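Novice: Okay, predicted coordinates and the sequence, questions at the end:
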Amino acid sequence: MKKKDDKSRRKFLRYTFGAGLGTLIGVPLISNSFAQEGKPLSGDKIKLLTTDGKVIEVDKGELKNMASYAHPAIDKEARKGLPNRKFVMVIDLSRCKNARACVESCQYAHQLRPEQEFMKVLKMQDTEKTAPYWMPKPCFHCDNATCVDVCPVYATYKRDDGLVLVDSNRCIGCKYCMVACPYEARVFHWKEPFRKEEFEGMDYSPETSVPVKQGTVGKCDFCPDLARNDQLPHCATACPEGVIYFGDYNEDTVTNGYETHRLSELIEKKSAYRYLPHYGTEPNVYYLPPVDRIYPFEETKNS
Amino acid sequence: MKNGKSFILWLGFLGIFLALGAFAALRLYTQGSDAVFHADDSVPWTLLIASYVFFVLTSTGATIVASLSMVFGFTKFDPMVKRAIFIGLISLVAGFLSMGLELGDPLHMFYYFLTPNFKSPIWWMGAFYMSLLIILSIKFWQIHKGIGSVKLRKILSITALILEIAALTTLGSVFGFIEARPTYFGEFIQVYFLFSSIISGISAIFFFSLIVYKLKYNGIPESLKSMFESLSKIFGAFIGITLLFSIWRILIGLYANRPEFDALHYIIDTWHYRVEIFIGLMVPFAIMIIPNFRKTFTGKLLAAILVFIGLGIERMNMVMLGQIRPIFPQFLESKHIISYFPTFWEWAIAMFSLALMIFLYSLGEKYLKLETHDISTK
Ligand code: SF4
Ligand code: SF4
Ligand code: SF4
């Protein structure tokens, strides 16, 4: 991938986010957005991504307004999920250089302490002889999530849009989900949360996981509050290498903000795989294999 | 009068542990989990889960033994039934104390009733043990007051026995169902819990009643000798079975070439594992199978104390075994074993539960006439 300079990417992202995740990631949605014949053109131009990774320019007046959701949902709404969605993430292991921008942006947004990580970057090595590589690991939002099955009070739950969320207002802190998750994706809030004053008075939502509640469990939530506002998760936006793609299984489309792909094509042509499928958990995070690496593996100061 | 004074002194001594435990609990609620716990996401379950397992299994064990008389009609064991049920009750309370303090947010417990997840083994385990607490209380009250028809008692006793088996095997499934942690040994652990629960219960019955008999009569009363002899034989047999299970657990672990079993390789080299096997099982087994030792008062008491301590440590080892090796594979560093050993405050809370159990027992022995030989209705 040709790397664009940061400034132009930010600007680009601002445009596309303004247009909405729907238009950002899906051909069907993009074509929907042109279905409004007879609507007067506004003269304002806006940039859009197509699934081929091409940037096209269209008039704002041509766009159909996609659903915009409240921000963020609480109570019942937060348990239902976004209609007709099934969120997925694709992580390209060939590009990760352990920049840890994903980790830090996620920590910042989720009021985590420095030692707490919803996204972990692990040093992996399959055998002594194979090359090591970095593996960013969020929660896999499994379709058959063991954490959901074991939670005695349904504090951890699965939504229609595929997300597995934790409701800290209900969690009793038994930590069974932590022991049961085969991917060690969960984090316990042992200590007093960081930046308490900043988050004080804020309405808690399982969609934002803040304000953090000591004595309960947390984990990567796929940033549904951002998805509601048609934005990519913090980690995906923060990654300077475009390692993290986010999208919708139903639309068969994922994007990292630079490029958009068909998920089915990544699975077929680039051997996208899921981790430890033998547990039968059906994760919603796919990995692109760490082959043809862009950066040679280096132990960084972050490791 | 002298008796009364030493009783107060004894309660005062237990009070030290109760106060220390209460202080640890206070720390937990004022300063947060990290002021008490090891606080490591890789080892989310601490000594308090082990302590919970220890006490609730002691409870089910003691009450299963009580059912020898109440369900199966071995009237020989009548004299220890009331005491066994009382031990079952207070041990359950001690277990709940440990669990309550392990929970990060016990105030949310009302969701346990409001939004139950029937798929969760921990939910069922809680339900069985809570029902057991109620049934055992009624049973104890019936015996204490000499009320209730024989038929009603029988029905209650059978229900209690079913609940006991259900509770302890469900507790096993809490660990055994975790597919990603083979060092919890799947369904094997449920059967292991059944046998080890029985020896845990007998050791508690022996421990408390022998000390009482020593203080009161300077030994086991003649009329009860044959009951204790039979119980000792059962005790010995079940220690043997538990030992066999423990040995097979090690062998399976060492034989299986799975990386997760690094934890087992590690743990068998630790002093606490040796205490569990040698002091907690082998020595008491030897005492119980050699008649000359088994028949003595000291032999019985010693075996009971060793099993009691050994099983306490076994529960800790068991809970650790599943957690001290990170389970996420391919991560080379995960070959490391996480160095977890309970903190001082975790011990303080475990001792809190033990002290509470002994405290309640002392009160029970003094005020509730636990030495009731006749358990039939008036
Ligand atoms: S990765 Fe773990 S925490 Fe996340 S959904 Fe799957 S089982 Fe649950
Ligand atoms: S720690 Fe909280 S979320 Fe996890 S199983 Fe227990 S109650 Fe559920
Ligand atoms: S999706 Fe959101 S919660 Fe998950 S790792 Fe990324 S930023 Fe963190």
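Specialist: Perfect, I can see it now. Ligands and ions are numbered 1, 2, ... in the order given.
Novice: And the residue of chain B closest to chain A?
Specialist: Relative to chain A, the nearest point of chain B is B:Gly104 (2.0 Å; Cβ to the nearest Cβ). Glycine gets a C-beta too; all of them are placed from N, C-alpha and C.
Novice: and that residue, how many residues sit next to it?
Specialist: Number of residues near B:Gly104 (other Cβ atoms under 10 Å in any protein chain shown) recorded here: 24.
Novice: do B:Leu321 as well
Specialist: 24.
Novice: Show the pLDDT at it.
Specialist: We have a pLDDT of 93 for B:Leu321.
Novice: before we move on, what about B:Met318?
Specialist: For B:Met318, the model assigns a pLDDT of 95.
Novice: what's stretch B:182-199 in contact with?
Specialist: B:57-58, B:60-61, B:64-65, B:165, B:168-169, B:171-173, B:175-176, B:178, B:234-235, B:238-239, B:241-242, B:245-246, B:249, B:252-253, B:256, B:258, B:260-261, B:263-264, B:307, B:311, B:314, B:318, B:321-322, B:325 (Cβ atoms under 8 Å, 6 or more residues apart in numbering or on different chains).
Novice: Report the buried residues of it.
Specialist: B:182-185, B:189-190, B:192-199 (16 or more other Cβ atoms under 10 Å in any protein chain shown).
Novice: From these, which land in helices?
Specialist: The subset of the buried residues of stretch B:182-199 located in helices under the criterion DSSP state H comprises B:189-190, B:192-199.
Novice: So B:Asp40: helix, strand or coil?
Specialist: The three-state label given to B:Asp40 by DSSP: H, G, I helix; E, B strand; the rest coil is coil.
Novice: show me the residues around it that make contact.
Specialist: B:338, B:340.
Novice: Tell me the spacing between it and A:Glu184.
Specialist: For B:Asp40, the distance to A:Glu184 equals 12 Å [Cβ to Cβ, to the nearest Å].
Novice: can you check B:Ala350 too?
Specialist: Distance of B:Ala350 to A:Glu184, given as Cβ to Cβ: 26 Å.
Novice: And B:Lys214, by the same measure?
Specialist: Note on B:Lys214: its distance to A:Glu184, by Cβ to Cβ, is 50 Å.
Novice: who has more neighbours, the two?
Specialist: A:Glu184 (20 against 14).
Novice: gap between the two ends of stretch B:253-271?
Specialist: 18 Å (Cα to Cα, to the nearest Å).
Novice: cool, stretch B:221-228 as well?
Specialist: Rule used - Cα to Cα; the end-to-end distance of stretch B:221-228 is 10 Å.
Novice: What residues sit buried inside it?
Specialist: Neighbour-count burial for stretch B:221-228 [16+ other Cβ under 10 Å]: B:224, B:227-228.
Novice: can you pull out the helices in chain A?
Specialist: A:6-19, A:21-25, A:27-33, A:75-80, A:101-109, A:146-150, A:176-180, A:196-199, A:224-228, A:234-238, A:263-269.
Novice: any idea which of the ones you listed scores lowest on pLDDT?
Specialist: helix A:27-33 (a mean of 32).
Novice: need the residues of the stretch 201-303 of chain A near ligand 2, please.
Specialist: Residues of the stretch 201-303 of chain A lying near ligand 2 by Cβ under 6 Å from any ligand atom: A:Val217.
Novice: Apart from its chain neighbours, what residue comes closest to residue 120?
Specialist: Because you didn't say which chain, this covers chain A. Distance criterion Cβ to Cβ, 6 or more residues apart in numbering or on different chains; nearest residue to A:Lys120, sequence neighbours excluded, is A:Lys137 at 4.9 Å.
Novice: that answer is for a different chain, and I need it for chain B
Specialist: A:Pro152 is the one closest to B:Ser120 (Cβ to Cβ, 6+ apart), at 4.4 Å.
Novice: Can you pull the phi/psi pair for the one you found?
Specialist: phi -70, psi -20 (degrees, to the nearest 10).
Novice: For it, give me its contacts.
Specialist: Counted by Cβ under 8 Å, 6+ apart, A:Pro152 has contacts A:172, A:174, A:176, B:112, B:116-117, B:120, B:122-123, B:126.
Novice: Tell me where the model's unsure across the chain.
Specialist: Answering for chain A, as no chain was given. Applying pLDDT under 70 to chain A picks out residues A:1-55, A:58-74, A:300-303.
Novice: Not quite, go with chain B.
Specialist: B:1-2, B:329-335, B:373-378.
Novice: Number of residues surrounding whatever residue of the stretch 51-200 of chain A ends up closest to chain B?
Specialist: Of all residues in the stretch 51-200 of chain A, A:Gly173 sits closest to chain B, with a separation of 2.0 Å (Cβ to the nearest Cβ). Counted with other Cβ under 10 Å, the neighbours of A:Gly173 add up to 25.
Novice: That one contacts A:Lys213, correct?
Specialist: No. With contacts counted by Cβ atoms under 8 Å, A:Gly173 stays clear of A:Lys213, the gap being 9.2 Å.
Novice: So for those two, which residues contact both of them?
Specialist: B:Asp105.
Novice: any idea what sits nearest residue 133, other than its immediate chain neighbours?
Specialist: This is for chain A. In space, A:Tyr133 is closest to A:Pro290, 3.8 Å off (Cβ to Cβ, 6+ apart).
Novice: hm, I was asking about chain B
Specialist: B:Leu92 (5.4 Å).
Novice: which residues touch the one you found?
Specialist: Taking Cβ under 8 Å, 6+ apart as the definition, contacts of B:Leu92 comprise B:55-56, B:59, B:129, B:132-133, B:136.
Novice: Check the gap between B:Ser226 and ligand 1 for me.
Specialist: Distance of B:Ser226 to ligand 1, given as Cβ to the nearest ligand atom, to the nearest Å: 55 Å.
Novice: Who are the packing partners of the helix or strand that contains that residue?
Specialist: With elements taken from DSSP states H and E, the one containing B:Ser226 is helix B:225-255. On a contact count with 3 or more Cβ pairs under 8 Å, 6 or more residues apart in numbering or on different chains; DSSP states H and E, helix B:225-255 meets helix B:78-102, helix B:188-217, helix B:262-267, helix B:283-289, helix B:291-294, helix B:297-321.
Novice: Let's see that with 7 Å instead.
Specialist: For helix B:225-255, the packing partners by 3 or more Cβ pairs under 7 Å, 6 or more residues apart in numbering or on different chains; DSSP states H and E come out as helix B:188-217, helix B:262-267, helix B:283-289, helix B:297-321.
Novice: got the angle for the first one vs helix B:225-255?
Specialist: Angle between the axes of helix B:188-217 and helix B:225-255 is 150 degrees (criterion: axes from the mean of the first three to the mean of the last three Cα atoms, to 10 degrees).
Novice: go on, the last one?
Specialist: With the same axes, to 10 degrees as the criterion, the two stretches helix B:297-321 and helix B:225-255 enclose an angle of 30 degrees.
Novice: Tell me the helices and strands packed up against helix B:297-321.
Specialist: Secondary-structure packing of helix B:297-321 (3+ Cβ pairs under 7 Å, 6+ apart): helix B:47-70, helix B:188-217, helix B:225-255, helix B:262-267, helix B:271-274, helix B:283-289.
Novice: Can you tell me which of those is packed in deepest?
Specialist: Most buried of the helices and strands packed on helix B:297-321, by mean neighbour count (mean count of other Cβ atoms under 10 Å in any protein chain shown): helix B:47-70, with a mean of 27.
Novice: Extract the CA atoms of it and return them as CSV.
Specialist: The C-alpha trace of helix B:47-70 is given here as CSV (Å, rounded to 0.1, in the frame of the first residue of the first chain):
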residue,chain,number,x,y,z
LEU,B,47,-7.1,-17.6,47.0
LEU,B,48,-10.7,-16.6,48.0
ILE,B,49,-12.1,-18.8,45.2
ALA,B,50,-10.0,-21.6,46.6
SER,B,51,-11.2,-20.8,50.1
TYR,B,52,-14.8,-20.8,48.8
VAL,B,53,-14.3,-24.2,47.1
PHE,B,54,-12.7,-25.6,50.3
PHE,B,55,-15.6,-24.6,52.6
VAL,B,56,-18.5,-25.4,50.4
LEU,B,57,-17.0,-28.8,49.6
THR,B,58,-16.4,-29.4,53.3
SER,B,59,-20.0,-28.6,53.8
THR,B,60,-21.3,-31.0,51.2
GLY,B,61,-19.0,-33.7,52.4
ALA,B,62,-20.1,-33.4,56.0
THR,B,63,-23.8,-33.5,55.1
ILE,B,64,-23.4,-36.4,52.6
VAL,B,65,-21.8,-38.3,55.5
ALA,B,66,-24.8,-37.3,57.6
SER,B,67,-27.1,-38.9,55.0
LEU,B,68,-25.6,-42.3,55.9
SER,B,69,-28.0,-42.2,58.7
MET,B,70,-30.8,-40.0,57.5
